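> Take this sequence and fold it.
(2 chains)
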Amino acid sequence: MRLDEIRDVLGCEVLTGGNHLEVEVDVVLASDGMSEILTCQSPGGLMITGLATVHSVRTADVGDLSAIVFVRGKRPNEKVVELARQKGIPLLATQLGMFDVCAILRERGLRGAL
Amino acid sequence: MADELLRREYHIQGRDFERAGESSTLIKEILKGVGIDPTLIRRAVVIVFEAEMNVVMYAEGGTVTLVLTEEEIRIEVADRGPGIPDIEQAMQEGYSTAADDMREMGFGFGMGLPNIRRNSDLFTISSDVGRGTTVQSSIRLDGHG
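Have a look, this model is predicted:
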């Protein structure tokens, strides 16, 4: 599934990386625990998290993940968005909760890495 | 032991959560620059990131040392801190002494040290209670750990 399709089905606002949304994603890592995310070697995976701090962006960078979707209306501050911009990691934000986001993406054929 | 091709050292400041992870980013760029396999880079950077977070969360400060030889990537993270009284317990997945504020930042779920070990071909940890902890990891470049 492409990131721009994910943006549309989850009703996401794009915080940065709007020009990198043609990227294809097939694996999802959903957690608020960053070490949990890093337990999986899933380069290109999509991170779903409620953790809107600098550490989520650093974790995505360390794990070579393709993008982050922040759930439950969480939004990172501008410094975090700037770091993601530098790293080329798209940030999306949705009002939906973690469960609904995972269910919607699962229905459309994405699979979990955790 | 094979000759060192490259050595870098980075200081980590305890409780500096904003800058935590910067050494990992720098090391990722260095290893990419010398053409190391991306899977091995990812393993090395997870090791550095987890170890950095441990220093930031628990210690006063510490040092990350990266050494590259023709055979391996070596990472040593040494901190000045409280040390670990029971290393066996600390190595168990899910065991943590983290405070709530650390968990709110997405860390302290007892996965850090196990993640470091999982990504290492050779792993040692030593600790002196009241003085500090040293973690040494090695990743073989031939991919046969």
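
> who in chain B is up against chain A?
For chain B, the contact set with chain A under CB under 8 Å from any CB of the partner chain comprises B:17-18, B:20-21, B:24-25, B:28, B:38-39, B:42-43, B:45-46, B:49-50, B:53, B:105-107, B:109, B:111-112, B:115, B:118. To be clear about C-beta, it is placed using only N, CA and C from the backbone, and glycine gets the same treatment.

> which of the residues you listed count as buried?
With burial judged by 16 or more other CB atoms under 10 Å in any protein chain shown, the buried subset of these is B:17, B:20-21, B:24-25, B:28, B:42-43, B:45-46, B:49-50, B:53, B:105-107, B:109, B:111-112, B:115, B:118.

> Tell me who's in contact with the residue most central in space within chain B.
With distances taken as CA atoms, centre = their mean, the residue of chain B nearest its centroid is B:Ala51 (3.0 Å). Counting by CB atoms under 8 Å, 6 or more residues apart in numbering or on different chains, B:Ala51 makes contact with B:64, B:75, B:77, B:112, B:116, B:135.

> And for residue 12, the neighbour number?
Went with chain A since none was named. Number of residues near A:Cys12 (other CB atoms under 10 Å in any protein chain shown) recorded here: 24.

> wrong one, I was asking about chain B
Quick note: B:Ile12 (other CB under 10 Å) scores 26 neighbours.

> surely B:Ser126 meets B:Thr134?
Yes. Look at B:Ser126 against B:Thr134 with CB atoms under 8 Å: they come within range, at 5.3 Å.

> Tell me the residues of chain A that contact chain B?
Those residues of chain A that sit near chain B, judged by CB under 8 Å from any CB, are A:32-36, A:38-39, A:41, A:43, A:49, A:51, A:53-56, A:58-59, A:61-64.

> Buried subset of those as a ChimeraX selection?
The buried residues among those can be selected in ChimeraX (16+ other CB under 10 Å) with this line:
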select /A:32,33,34,35,36,38,39,49,51,53,54,55,56,58,59,61,62,63,64
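
> bridging residues for the closest residue to A:Ala30 other than its chain neighbours?
Distances taken as CB to CB, 6 or more residues apart in numbering or on different chains put A:Ile48 closest to A:Ala30, at 4.0 Å, once the chain neighbours are dropped. Beta-bridge partners for A:Ile48, by DSSP bridges, are A:Ala30, A:Val69.
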